[in-house]
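A.B. asks: no letters, just coordinates:
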């Protein structure tokens with residue numbers, strides 16, 4: 001019989017998450033702490049079969065002007081082929097959502113976008129969400145290969161840019177000082193204005209960096225040409241996967257290949273930490289050349305990774321009138337932001 005209970009011990013949580021090869025930082029203990037620092041309610045639930053841990057689920061109560069809802073980012077981490085566990089998952093999220101006056105639950109699990117997985121969620125009465133929750137089309141690089149093999153598998157242009165950066169004397173610094181997020185925030189604002197996206201707040205970036213930094217799981221990389229800053233990237237190192245979560249570049253960074261060398265240094269650091277995957281995070285569909293992130297997606301794909309399409313976010317509706325308001329707002333926002 002499958003049962004659930006709240007997990008309050010960080011070591012217990014991390015031991016279960018660590019045993020799941022599909023897991024990334026979205027279901028980590030620290031992702032929950034990050035949300036708690038913003039005043040969000042966080043629920044950490046363990047799934048047990050005869051007292052044997054068989055999965056976990058981190059969920060977060062999100063409050064917005066358009067309503068309150070529950071999210072499950074990159075999870076839950078369970079065996080979806082086991083219908084008893086899947087049904088228990090639905091039961092527990094409904095209980096949490098109702099207790100917190102949520103109008104719906106949004107889930108973006110770590111499973112692939114397939115007809116079978118779509119049917120699985122349809123059977124659980126979920127519907128396709130109007131917006132994504134987190135990156136759904138990602139580019140993942142297998143870093144269990146040698147550095148020589150990784151370099152050989154890159155696009156010729158990417159390999160050239162890395163070597164050119166080294167030849168030009170571009171240097172990469174790796175910071176674990178949260179004070180450096182101030183400058184990263186400023187560079188992100190510059191990048192957002194150039195590419196037309198909504199930037200994250202300084203507090204959002206600072207709190208995330210600080211939380212993961214406490215466990216040596218975050219590094220801020222900067223590429224320099226002498227004293228000129230070219231590009232920066234925040235990388236999270238968690239479990240078996242390193243994630244290129246945020247990046248920014250200056251106008252000078254568009255002229256010199258500092259961003260390429262940053263990624264190569266981060267990949268090598270992930271290998272030193274014994275990780276198996278490097279996640280370049282979200283990419284635009286390869287055929288969509290009009291997408292505003294097409295250029296950066298070409299950059300990411302140049303390192304030789306493979307695109308992975310996760311199941312599109314799914315919503316379980318609990319209050320239809322309130323959900324319709326949210327659906328309308330998000331649908332309009334999606335068209336305006338072209339995402």
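C.D. replies: Great, that's in hand. For clarity, every value in this text was computed on a predicted model and none was experimentally measured. Residues are numbered from 1 along each chain as shown.
A.B. asks: tell me what the longest strand along the chain is packed against?
C.D. replies: Secondary structure of the chain per DSSP state E: the longest strand is strand 52-64. Applying 3 or more C-beta pairs under 8 Å, 6 or more residues apart in numbering; DSSP states H and E, we find strand 52-64 packed against helix 10-18, helix 29-36, strand 42-49, strand 67-73, helix 83-99. Heads up, the C-betas are built off the backbone N, CA and C, glycines and all.
A.B. asks: need these in JSON lines with mean neighbour count, distance to residue 144 and mean pLDDT, can you?
C.D. replies: Formatted as JSON lines, these follow (neighbours: other C-beta atoms under 10 Å; distance: least, C-beta to C-beta, whole Å; pLDDT from 0 to 100):
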{"stretch": "helix 10-18", "mean neighbour count": "16", "distance to residue 144": "17", "mean pLDDT": "97"}
{"stretch": "helix 29-36", "mean neighbour count": "20", "distance to residue 144": "25", "mean pLDDT": "98"}
{"stretch": "strand 42-49", "mean neighbour count": "19", "distance to residue 144": "29", "mean pLDDT": "98"}
{"stretch": "strand 67-73", "mean neighbour count": "22", "distance to residue 144": "26", "mean pLDDT": "96"}
{"stretch": "helix 83-99", "mean neighbour count": "17", "distance to residue 144": "29", "mean pLDDT": "98"}
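A.B. asks: quick one on the thing from earlier: flag every buried residue along the longest strand of the chain.
C.D. replies: 54-62 (16 or more other C-beta atoms under 10 Å).
A.B. asks: what's the closest of those residues to residue 43?
C.D. replies: residue 59 (4.8 Å; C-beta to C-beta).
A.B. asks: from what I see, that closest one and residue 40 are in contact.
C.D. replies: No. Shown here, residue 59 and residue 40 do not form a contact pair, counting by C-beta atoms under 8 Å, at 10.1 Å.
A.B. asks: circling back: let's have the helices and strands packed on strand 52-64 in CSV, adding distance to residue 322.
C.D. replies: Converted to CSV, the helices and strands packed on strand 52-64 look like this (distance: least, C-beta to C-beta, whole Å):
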stretch, distance to residue 322
helix 10-18, 31
helix 29-36, 22
strand 42-49, 21
strand 67-73, 5
helix 83-99, 12
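A.B. asks: which one, of these, ends up nearest to residue 270?
C.D. replies: Nearest of these (C-beta to C-beta): helix 10-18, 15.9 Å.
A.B. asks: what lies in contact with the closest one?
C.D. replies: 7, 23, 27-29, 44, 46, 53, 55-56, 77, 239 (C-beta atoms under 8 Å, 6 or more residues apart in numbering).
A.B. asks: can you check stretch 117-132 too?
C.D. replies: In contact with stretch 117-132 (C-beta under 8 Å, 6+ apart) are residues 80, 86-87, 90, 106-108, 111, 311-317, 327, 330-331, 333-334, 339.
A.B. asks: taking those residues one by one, which sit in helices?
C.D. replies: Members of the contacts of stretch 117-132 lying in helices (criterion: DSSP state H): 86-87, 90, 327, 330-331, 333-334.
A.B. asks: which one of those is nearest to residue 283?
C.D. replies: Nearest member of these to residue 283, counting by C-beta to C-beta, is residue 334, at 17.7 Å.
A.B. asks: near the closest one, how many other residues are there?
C.D. replies: 13 (other C-beta atoms under 10 Å).
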